[in-house]
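*Asks:* only geometry, no sequence info:
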């Protein structure tokens, strides 16, 4: 490949100082367009910032700011003592790549065999030791009643003496658990399922993976909302599916656009978080829920309905899932249970026609061959005795109080700087910033003052600058401090700009 200075950047990086869009954002958009159209292929080494500043006739600080934004979004990578290179994390034409043999690579690969490496399933989760942190809407583990769970677990262990074989205990215990669990889902979510329609897994992520494994083949067209859930998008893309995005407005996913797509091409799956869109927290309107079921029946696609956050709703009449009204068996319903319980006691599940569940079980037997009999017996007892309902009611009261207090802080501290809608469920608020600024700059400014903002909650496009702020894990004093730091950091950015 020729040296980076010889690349004719000015022929495809075209900046317009007369426009209102900031120059650094114009650089970001032009580079992304150049990468997507192939002018800057993967692996291209970019010239140094001083050289590129002269080529583009821009200030070096402006270019550095643009490069920071491009790197945070995964378009470029800066390697110490080597330079800045073009990445292609955003392409969707392949989900794996072979590592090149050792003699063709640098010394960083030093093993004696080739293997496949995913370019999609990189874990985007970040951790920090800063005392104050926002996340994308996680529950507060301090509310978990470990003592009650521990007593139940120990009591079950003591009563395990029996003449039956372990296999007999497993089968009977698991069927008993599925019976109580399916009844619980019918009662709380309006489903009409039996044990044959239900698969239980160790986590929501396992449920999602199993469904995509059985339902989607390479090349299938899958429609997702934009913006959408990054974890599910990674899982869907990893199947080799062709991802088609549809915008979300105040009524949820755009059904008119979906119909246009269905008339143009054959859709295999529509994936959506209907009751609580991730990340915007918007619920699908009643009109569009009906339209989606009609479209699925008309065009023959499957609705993969992900209801990961049903446990946290704050009204007396929660919105029931699409699966509760699915008379044509077009919905595969994926959910979670016990997000307020310790991680080892939470569950994922799938509700779908029995034939599909049977196929899922074949794959589950490889991933999760054993059944935790004691855990299932403890949860069966919790469901049977109403402890799950009691704990859910108690936690919802606490989280509603936290949501309301968090909303009051946002209105007080950030009035005139943001717009948002109060979420009817979930543990996060989607806020859109009224001023345009670099969210990575905000992240760094907050970190200076002991507040951590993971990149997975930051959303920035040409048209939207938004942040998903989780409140469920914060007590009132922690909320006050976190929002105060956020406010001070915004003011500091405004001062720097002026």
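*Replies:* Happy to help now that I have it. Model, not experiment: these values are computed from the prediction. Numbering: from 1, shown residues only.
*Asks:* quickly list what the nearest residue to residue 70 once chain neighbours are set aside is bridged to.
*Replies:* What sits nearest to residue 70 in space, not counting adjacent residues and going by CB to CB, 6 or more residues apart in numbering, is residue 76, at 4.7 Å. Glycine gets a C-beta too; all of them are placed from N, C-alpha and C. Counting by DSSP bridges, residue 76 is bridged to residue 86.
*Asks:* quick check: residue 76 vs residue 217, distance?
*Replies:* Residue 76 sits 33 Å away from residue 217, going by CB to CB, to the nearest Å.
*Asks:* between these two, which is the more surrounded one?
*Replies:* residue 76 (22 against 10; other CB atoms under 10 Å).
*Asks:* which residues does the more buried one contact?
*Replies:* Shown in contact with residue 76 (CB atoms under 8 Å, 6 or more residues apart in numbering): 31, 46, 67, 70, 84-87.
*Asks:* rebuild these as JSON lines, extending it with neighbour count, distance to residue 392 and pLDDT.
*Replies:* Shown next, in JSON lines, are the contacts of residue 76 (neighbours: other CB atoms under 10 Å; distance: CB to CB, whole Å; pLDDT from 0 to 100):
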{"residue": "31", "neighbour count": "23", "distance to residue 392": "48", "pLDDT": "86"}
{"residue": "46", "neighbour count": "21", "distance to residue 392": "53", "pLDDT": "89"}
{"residue": "67", "neighbour count": "21", "distance to residue 392": "47", "pLDDT": "90"}
{"residue": "70", "neighbour count": "22", "distance to residue 392": "44", "pLDDT": "85"}
{"residue": "84", "neighbour count": "19", "distance to residue 392": "50", "pLDDT": "89"}
{"residue": "85", "neighbour count": "16", "distance to residue 392": "49", "pLDDT": "88"}
{"residue": "86", "neighbour count": "19", "distance to residue 392": "49", "pLDDT": "86"}
{"residue": "87", "neighbour count": "18", "distance to residue 392": "43", "pLDDT": "80"}
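*Asks:* the closest residue to residue 492 other than its chain neighbours: helix or strand, and which one exactly?
*Replies:* Among residues not flanking residue 492 along the chain, residue 445 sits closest, at 5.4 Å (CB to CB, 6+ apart). Assigned by DSSP states H and E, residue 445 falls within helix 439-448.
*Asks:* can you name the element that comes right after the worst-scoring helix or strand of the chain on mean pLDDT?
*Replies:* When each helix and strand of the chain is scored by mean pLDDT, DSSP states H and E, strand 96-98 comes last, with a mean of 33. Where DSSP H and E defines the elements, the next helix or strand beyond strand 96-98 is strand 116-118.
*Asks:* tell me what that next one is packed against?
*Replies:* In terms of contacts (3 or more CB pairs under 8 Å, 6 or more residues apart in numbering; DSSP states H and E), strand 116-118 is packed against strand 96-98.
*Asks:* and residue 195, what does it touch?
*Replies:* Contacts of residue 195 by CB under 8 Å, 6+ apart are 175, 178-179, 182.
*Asks:* can we see that at 6 Å?
*Replies:* 178-179, 182 (CB atoms under 6 Å, 6 or more residues apart in numbering).
*Asks:* pLDDT weak spots in the stretch 101-250 of the chain?
*Replies:* Filtered on pLDDT under 70, the stretch 101-250 of the chain yields the residue ranges 101-110, 119, 145-169.
*Asks:* and the helices in it?
*Replies:* 146-158, 166-189, 204-215, 230-238 (DSSP state H, counting those that start in this stretch).
*Asks:* next one: the last one to chain centre, how far?
*Replies:* Mean C-alpha position of helix 230-238 versus that of the full chain (CA atoms, centre = their mean, to the nearest Å) differs by 9 Å.
*Asks:* the closest residue in space to residue 124 that isn't next to it in sequence and residue 278, how far apart?
*Replies:* Leaving aside its sequence neighbours, residue 124 sits nearest to residue 456 (CB to CB, 6+ apart; 5.4 Å). Computed as CB to CB, the residue 456 to residue 278 distance reads 11 Å.
*Asks:* who has more neighbours out of the two?
*Replies:* Between residue 456 and residue 278, counted using other CB under 10 Å, residue 278 has the larger neighbour count: 24 against 15.
*Asks:* give the contact list for the more buried one.
*Replies:* residue 229.
*Asks:* tell me the pLDDT of it.
*Replies:* The per-residue pLDDT reported for residue 278 equals 92.
*Asks:* can you check residue 255 too?
*Replies:* Confidence score, pLDDT, at residue 255: 96.
*Asks:* any idea how far residue 375 is from it?
*Replies:* Distance from residue 255 to residue 375, counting by CB to CB: 41 Å.
*Asks:* ok, now which ones touch the spatially most central residue of the chain?
*Replies:* In the chain, the residue lying closest to the centroid (CA atoms, centre = their mean) is residue 229, at 3.3 Å. Residues in contact with residue 229 (CB under 6 Å, 6+ apart) are residue 278.
*Asks:* hmm, 10 Å instead?
*Replies:* 136, 208, 235-236, 271-273, 277-279, 306, 308 (CB atoms under 10 Å, 6 or more residues apart in numbering).
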